[in-house]
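Enquirer: The following comprises the amino acid sequence and a computationally predicted model.
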Amino acid sequence: MLNEKEKLEQIINLGLEITKVKDVDILLERILTFARQFVNADAGSVYIKEDGKLKFSYTQNETLQKKLPSGKKLIYSTFSVPIDNKSISGYVADTGEMLNIPNGYKLTENVPYSFDKHFDEISNYRTQSLLTFPLKTNRGNVIGVLQMINAQDNAGNVIPFAKEDEPFIMHFANNAAIAIERALMTRDIILRMIKMSELHDPKETGAHANRVASYAVEIYENWASRRGIFQEEIEKNKDILRMAAMLHDVGKVAISDVILKKPAKLNLDEVEIIKMHTYLGSRLFADQHSDFDKSAFLVVLNHHERWDGKGYPGHINPMTGNPISGYEDKNGKAQGKKGEEIPTFGRFVAIADVYDALSCRRVYKEAWDETKVLETLKEEAGKHFDPEMIESFFSILDVIRTIAKRYPDE
C-alpha cells in the first residue's frame, strides 16, 4: 500500500506522462490506462463532450479482455449520452460533481440518476463499484467524464473505491482535461488543413483521414507486437503515426480541383499531375523540428510507393521533384522505392489508404463490397503491399470494421 506522499508523487508523474501525448485518440487510451492502474479498477470508460452530449469515446475491460484470444482487442460501439441527471455519467457532466458509488445495482432511492445495466446484460459482465468524475479544465469547463468500474483488492475481489483516493484522482482528472483540451486543439488544426484539401478534393474529408490514421495505427500496433518491439516505443510511435497519417494527402491542396473533381477517367498528363501531391505535400514538413514533422514528411512522400517498386514518386529530391542521381530509369524518371526502401510508416498508410479508397464511394466509382476489397488486398501482398503488414491487417479485421463505423462519411 502506498502512503499519501507516494500516491501524490505517482499521480504527479502520471500527469507528466500524459502531457507527452499529442493525438487525442491515443491520449484517451493512455489516460484511461493510467487512471485504472492508480485505483486498481478492472474496467473503465471515457466520455468526451461533443455537440452538447457525452460521446462514449473509449473503454477498457480487463475481465472481458482476458476472454479474448491473444492479440485481439475488445470491440465496442460508440454512442452518445444526454447531459442530464438521468444517467450517472450525464449527472457528473451536468453538475461537475464526482460520484463514488459502492454498487450500481443498489442506488439509494433519493438520487435522480439510474444505472444502465444494458452493457452488463449483453456482455455477461457484472458492474458493481463505480467512480465517476468530471474532466474539468482550469476554467471550470467540463469537457468529458472518466468512469472507473469495479475496484479490486489484491486478491481480485471487487470492492468499493477508496474515499482517500478521491482527491488524487481528481487532481489527475484536472491534468487529463487540460491535456485533452490541447490534443483537441491539435486535432482541430489538422482537420482544418484537411478541409483546405477538401476544397479541391471532395473525398479528402476528416472522416477519411481519421479512418486511414486509425487503420494505420492498429496495423502498426499488431505488427510491432509480433516483432517484439518494446511497448514504450509502440506507444510513442502510435501517437506520432496517428497524426502523421491524417495528413497523408495534404499535398492535394496544391493540385487543381479541375483535375481532382473530374468525374471521368484522368488522362496520362492529369495522372502525372496528381502524383505530384506526394512531394508537394512533403515540403510542408521539410523543416523538421520534431518526430512528428519527420514522420509526416515520410508518410506524405511515401504512401503511394509499392512493395514491388512500381509506385511513386520514387527516389526523388522532394524540393525539386527531380530524380536522385543514380536512381533514374531508362526514361530518365525516378525509380520507385521498393521493399524496405519504403519507410515503415509509409507502408502502413499505403494499406490503410487503399482499403478505405476501395471501401468507400467516390465521384468516379461506387464502393466495392467487402469480399472484393479483401481479395484485392490479399492478392496485392508482396506486390503493392508489405506482405507482413498485410498479415497484420487481416488479423485485426474486426477492429478495422469497428473503425469504419466510428468515422462514417457524412
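Expert: Received it, and whenever you're ready, just let me know what you need.
Enquirer: quick one: Glu4 and Asn174, what's the gap?
Expert: 18 Å (C-beta to C-beta, to the nearest Å). Placement of C-beta: from N, CA and C, glycine included.
Enquirer: check contacts around the nearest residue to Val81 once chain neighbours are set aside.
Expert: In space, and not counting its chain neighbours, Val81 is closest to Leu54: 4.3 Å by C-beta to C-beta, 6 or more residues apart in numbering. Going by C-beta atoms under 8 Å, 6 or more residues apart in numbering, Leu54 touches Tyr47, Ile48, Ser80, Val81, Pro82, Ile83, Ser89, Gly90, Ala93, Gly144, Val145.
Enquirer: make it 10 Å
Expert: 46-48, 79-83, 87, 89-90, 92-94, 142, 144-145 (C-beta atoms under 10 Å, 6 or more residues apart in numbering).
Enquirer: Would you mind measuring from it to Tyr47?
Expert: From Leu54 to Tyr47 the distance is 4 Å (C-beta to C-beta).
Enquirer: Now for those two: what residues contact both?
Expert: Joint contacts of Leu54 and Tyr47 (C-beta under 10 Å, 6+ apart) are Phe79, Ser80, Val81, Ile83, Ser87, Ser89, Gly90, Val92, Ala93, Gly144, Val145.
Enquirer: which one in the residues you listed is the model shakiest on?
Expert: Within the shared contacts of Leu54 and Tyr47, pLDDT reaches its minimum at Phe79, with 89.
Enquirer: Could you double-check that that residue sits in contact with Ser87?
Expert: No - in terms of C-beta atoms under 10 Å, Phe79 does not count as a neighbour of Ser87; the distance is 11.5 Å.
Enquirer: Looking at those two, which one has more neighbours?
Expert: Between Phe79 and Ser87, counted using other C-beta atoms under 10 Å, the more crowded position is Ser87 (22 against 10).
Enquirer: In PyMOL, how would I select the buried members of the contacts of Leu54?
Expert: What follows is the PyMOL syntax selecting those of the contacts of Leu54 that are buried according to 16 or more other C-beta atoms under 10 Å:
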select buried, resi 46+47+48+81+83+87+89+90+92+93+94+142+144+145
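Enquirer: mind listing which of the contacts of Leu54 are in strands?
Expert: If you go by DSSP state E, the contacts of Leu54 have Val46, Tyr47, Ile48, Ser80, Val81, Pro82, Val142, Gly144, Val145 in strands.
Enquirer: Would you check that Thr402 makes contact with Ser77?
Expert: Yes - between Thr402 and Ser77 there is a contact under C-beta under 10 Å: 7.4 Å.
Enquirer: Looking at those two, which is more packed in?
Expert: For Thr402 versus Ser77, the count of surrounding residues by other C-beta under 10 Å is larger for Thr402: 18 against 9.
Enquirer: Find the nearest non-adjacent residue to the more buried one, please.
Expert: In space, Thr402 is closest to Ile75, 5.4 Å off (C-beta to C-beta, 6+ apart).
Enquirer: mind listing the strands for the stretch 201-350 of the chain?
Expert: 316-317, 322-323 (DSSP state E, counting those that start in this stretch).
Enquirer: Given the first one, what are its sheet partners and their directions?
Expert: Read that as strand 316-317. strand 322-323 (antiparallel) (DSSP bridges).
Enquirer: tell me how far the partner strand is from the chain's mean position?
Expert: Centroid separation for strand 322-323 versus its chain: 35 Å, with C-alpha atoms, centre = their mean, to the nearest Å.
Enquirer: One more: stretch 316-335?
Expert: So, by C-alpha atoms, centre = their mean, the centroid of stretch 316-335 is 35 Å from its chain's centroid.
Enquirer: Quick one, which of the strands of the stretch 201-350 of the chain gets closest to Met276.
Expert: strand 316-317 (10.3 Å; C-beta to C-beta).
Enquirer: List the contacts of that closest one.
Expert: So strand 316-317 is contacted by 278-279, 282, 301, 322-325, 327, 333-335, 337 (C-beta under 10 Å, 6+ apart).
Enquirer: CSV for those, including pLDDT, distance to Leu266 and neighbour count?
Expert: As requested, the contacts of strand 316-317 are exported to CSV (pLDDT from 0 to 100; distance: C-beta to C-beta, whole Å; neighbours: other C-beta atoms under 10 Å):
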residue, pLDDT, distance to Leu266, neighbour count
Thr278, 97, 16, 27
Tyr279, 97, 19, 23
Ser282, 97, 22, 22
Leu301, 98, 21, 25
Asn322, 95, 23, 14
Pro323, 95, 23, 18
Ile324, 96, 27, 13
Ser325, 93, 30, 8
Tyr327, 93, 26, 14
Lys333, 91, 18, 16
Ala334, 94, 20, 19
Gln335, 95, 23, 18
Lys337, 97, 23, 23
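Enquirer: Narrow these to those in helices?
Expert: Those of the contacts of strand 316-317 mapping onto helices are Thr278, Tyr279, Ser282, Leu301, per DSSP state H.
Enquirer: give the contact list for the last one.
Expert: With contacts defined as C-beta under 10 Å, 6+ apart, Leu301 is in contact with 248, 251, 278-283, 285, 313, 316, 318, 337, 342-343, 346.
Enquirer: if I look at the nearest residue to Phe161 once chain neighbours are set aside, how far off is Leu260?
Expert: Closest residue to Phe161 apart from its sequence neighbours, by C-beta to C-beta, 6+ apart: Leu131 at 4.1 Å. Counting by C-beta to C-beta, the separation of Leu131 from Leu260 is 50 Å.
Enquirer: if I look at Phe115, how far off is Tyr279?
Expert: Distance from Phe115 to Tyr279, by C-beta to C-beta: 56 Å.
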